[in-house]
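>>> sequence unavailable; structure follows:
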């Protein structure tokens, strides 16, 4: 059992899982959100971190952490 604690209800031992968007996992980017051609250019060069997700078995709250750099 892990030691991740739910920030909503305080339950310890959240279930790890994955957030998916189509066939790819979702990543967090160290940048200001952009749109248009600037977003396409930055998408090729920006730094990203894996998003780890956990679900509370008691209340269903989702916790997201980003500690692993891609």
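All right, it came through fine. What you are looking at is a predicted structure, and each value in this text was computed from that prediction instead of being measured.
>>> report how many residues lie close to residue 25.
When neighbours are counted by other CB atoms under 10 Å, residue 25 registers 14. Using the backbone N, CA and C atoms, a C-beta is placed for each residue, glycine as well.
>>> residue 67 versus that one, what's the distance?
For residue 25, the distance to residue 67 equals 15 Å [CB to CB, to the nearest Å].
>>> okay, and residue 63 sits in which element?
strand 62-69 (DSSP states H and E).
>>> show me what that strand is packed against.
The helices and strands touching strand 62-69, judged by 3 or more CB pairs under 8 Å, 6 or more residues apart in numbering; DSSP states H and E, are strand 48-55.
>>> could you say what helices and strands the strand it packs on packs with?
If contacts are counted by 3+ CB pairs under 8 Å, 6+ apart, strand 48-55 sits against strand 15-17, strand 27-29, strand 62-69.
>>> same question for the helix or strand following the first one, mean pLDDT?
Following strand 15-17 in sequence order, the next helix or strand is strand 20-21 (DSSP H and E). For strand 20-21, the mean pLDDT works out to 74.
>>> how far away from the center of its chain is whatever helix or strand comes next after strand 20-21?
Downstream of strand 20-21, the next assigned helix or strand under DSSP H and E is strand 24-25. In this view, strand 24-25 has its centroid 11 Å away from the chain centroid, taken as CA atoms, centre = their mean, to the nearest Å.
>>> kindly report the same for stretch 8-16.
16 Å.
>>> could you check the pLDDT of the closest residue to residue 55 other than its chain neighbours?
Spatial nearest neighbour of residue 55, chain neighbours left out: residue 15 (5.0 Å); criterion: CB to CB, 6 or more residues apart in numbering. Reported pLDDT at residue 15 in the predicted model: 92.
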